[in-house]
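**Q** My questions concern the predicted model and sequence given below.
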Amino acid sequence: MGKLDGKTAWITGGGTGIGEAAAKALAEAGAHVIVSGRRAEQLERVVADIAAAGGSAEAAPLDATDAGATEALAAKIEAARGAIDLFMANAGTNVPNRAQDSLTPQDFAKVVDVNLNGVMYGVLAVLPGMRKRGAGTLILTSSWAGRHASRLTGAAYNASKHGVVALSHSINMENAKHGIRCTALMPGEAKTPILDNRPVAPSPEEQAKMLQPEDLGDIVRFIAEAHPRVCLNEILVSPTWNRLFVADDPRAGV
């Protein structure tokens, strides 16, 4: 038996990277996992992988920036499953032209819409059911940039991911009394598809030193399996080889 047997977990941005790894880790722990994202073929691949490993999952395509669709999907999941025990808001993006001398208002709005507004739409959709049941776990994927702003990630990403951290604490302030807990997960550099949006892609050697998706999947499972009385308010995690640290070392050659 797994610690999450009988539980239902819903993950946005679940078709690749951290979301995919989290889905597989939670399914391995016994949860039924619903993976959402815009690309149905990626979602179906994740579901097939989970089924092949003996787990339970289903795909539910969704644009996380569509508040109405998000609310409707949450209601559909609750009607079918009885509850959403865990919600992970993981959908995120960035743009290549992120420096302020090239960032456009449209790109700034796009990043904030996905990284912050889309997170809140999911939270607002699942909170009523969790409050009614007096229990629930939320995991909001922020970033190292949500704690330490960086020129590498850019103004839009920095601002949106800082917002996610503030949102997570606000959720705990208002909902701890309802038995609900929220974690702001702040990963440093990770080998995920978002690297494709960098102005210069990291080398394979650099990517091998980064956090791997399964590293974050293990952390998500740890959060989910913690006793309901335990709230991990923030988890800030980086690769041991942290680019922002080694860049300060004149011997690093970075």
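**A** Everything's here; your move.
**Q** Number of residues surrounding residue 99?
**A** When neighbours are defined as other CB atoms under 10 Å, residue 99 has 11 of them. From N, CA and C alone the C-beta is placed, and that goes for glycine too.
**Q** no, scratch that, I was asking about residue 222
**A** Using other CB under 10 Å, residue 222 is surrounded by 14 other residues.
**Q** Buried ones in the lowest-mean-pLDDT helix or strand in the chain, by neighbour count?
**A** One helix or strand of the chain scores below all others by mean pLDDT, DSSP states H and E: helix 243-246, with a mean of 76. Residues of helix 243-246 classed as buried: residue 243 (neighbour count, 16 or more other CB atoms under 10 Å).
**Q** the longest strand in this protein is where?
**A** Counting residues, the longest strand in the chain under DSSP state E turns out to be strand 180-187.
**Q** For it, enumerate the helices and strands it packs against.
**A** Secondary-structure packing of strand 180-187 (3 or more CB pairs under 8 Å, 6 or more residues apart in numbering; DSSP states H and E): helix 118-133, strand 136-141, helix 155-175, helix 213-225, strand 234-237.
**Q** for the protein, which spans come out with low pLDDT?
**A** The chain contains residues with pLDDT under 70 at 1, 194, 197-199, 246-254.
**Q** so residue 228 touches residue 180, yeah?
**A** No - Residue 228 is beyond contact range of residue 180, at 9.7 Å (criterion: CB atoms under 8 Å).
**Q** Comparing these two, which residue is more hemmed in?
**A** The residue with more neighbours, out of residue 228 and residue 180, is residue 180; 22 against 12, by other CB under 10 Å.
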